[in-house]
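**Student:** Structure, please.
(2 chains)
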Amino acid sequence: DAGVIQSPRHEVTEMGQEVTLRCKPISGHDYLFWYRQTMMRGLELLIYFNNNVPIDDSGMPEDRFSAKMPNASFSTLKIQPSEPRDSAVYFCASRAGGTYNEQFFGPGTRLTVL
Amino acid sequence: EDKVVQSPLSLVVHEGDTVTLNCSYEVTNFRSLLWYKQEKKAPTFLFMLTSSGIEKKSGRLSSILDKKELFSILNITATQTGDSAVYLCAETYSNYQLIWGAGTKLIIKP
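**Tutor:** Numbering: from 1, shown residues only, chains lettered A, B, ... in the order given. Coordinates of the predicted model:
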């Protein structure tokens, strides 16, 4: 089992550029979560999907952020245009359905916007 | 709004000491409480607690939940330098979302 896979692991970009982060959840998991982690704000849930459908995107900071899940094995988080305050570690996590299952995290993408 | 509060925010102890980390929560629709360990990478799962008073144990780590008083503790005995990490607790509420605490940064000195 490869676990949750994220790419890229590190991304450095300039303000105003488009950034796309990718995630492959664990096979068979029904739920996929996108988090952002900073020193100041800790772990913040941005959006989550159930069976490829976005369920709650209330954590998405603004319209510059968008997320898609075109199929059960792939999701993207896009920031356009990026700003320096978007610099953070972005984690993708997945879990199986059912009430008592934990979330498994990917290794994260460290994003730096200059 | 539901909230998860961890204490202390940071803790420095010597190898071999026993530590207790605290997590209190407010809940409208509690389902479970989870503990994760985060070193310099992604959080890794430790325990899930759903029933009050039942201790979960894994080696030197153990955790227990008090649903009446709305808190959980994570105990680590005979600490080692490899236990140095941020320990996060999170509450699962409706729709399987997690509410995360800010974490306790634990430093174990040799």
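**Student:** Which strand residues bridge whichever residue of chain A sits closest to chain B?
**Tutor:** Closest approach between chain A and chain B, counting by Cβ to the nearest Cβ: residue A:105, at 3.8 Å. For the C-beta atoms, the positions are set from N, CA and C on the backbone; glycine is no exception. Here residue A:105 sits in beta bridges with residue A:93, going by DSSP bridges.
**Student:** what residues does chain A put near chain B?
**Tutor:** Residues of chain A lying close to chain B by Cβ under 8 Å from any Cβ of the partner chain are A:31, A:42-43, A:45, A:48, A:55-56, A:91, A:95, A:99-100, A:102-108.
**Student:** hmm, back to that, show me what contacts the residue of chain A closest to chain B?
**Tutor:** Applying Cβ atoms under 8 Å, 6 or more residues apart in numbering or on different chains, we find residue A:105 in contact with A:4, A:91, A:92, A:93, B:42, B:43, B:44.
**Student:** What subset of the residues you listed is buried?
**Tutor:** Buried subset of those (neighbour count, 16 or more other Cβ atoms under 10 Å in any protein chain shown): A:4, A:91, A:92, A:93, B:42, B:43.
**Student:** could the residues you listed go into CSV alongside distance to residue B:36 and pLDDT?
**Tutor:** Shown next, in CSV, are the buried ones among the contacts of residue A:105 (distance: Cβ to Cβ, whole Å; pLDDT from 0 to 100):
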residue, distance to residue B:36, pLDDT
A:4, 14, 97
A:91, 11, 98
A:92, 15, 98
A:93, 10, 96
B:42, 9, 93
B:43, 4, 95
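**Student:** Please render these as CSV that adds distance to residue B:102 to the earlier fields.
**Tutor:** Below are those laid out as CSV (distance: Cβ to Cβ, whole Å):
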residue, distance to residue B:102
A:4, 23
A:91, 16
A:92, 21
A:93, 18
B:42, 17
B:43, 13
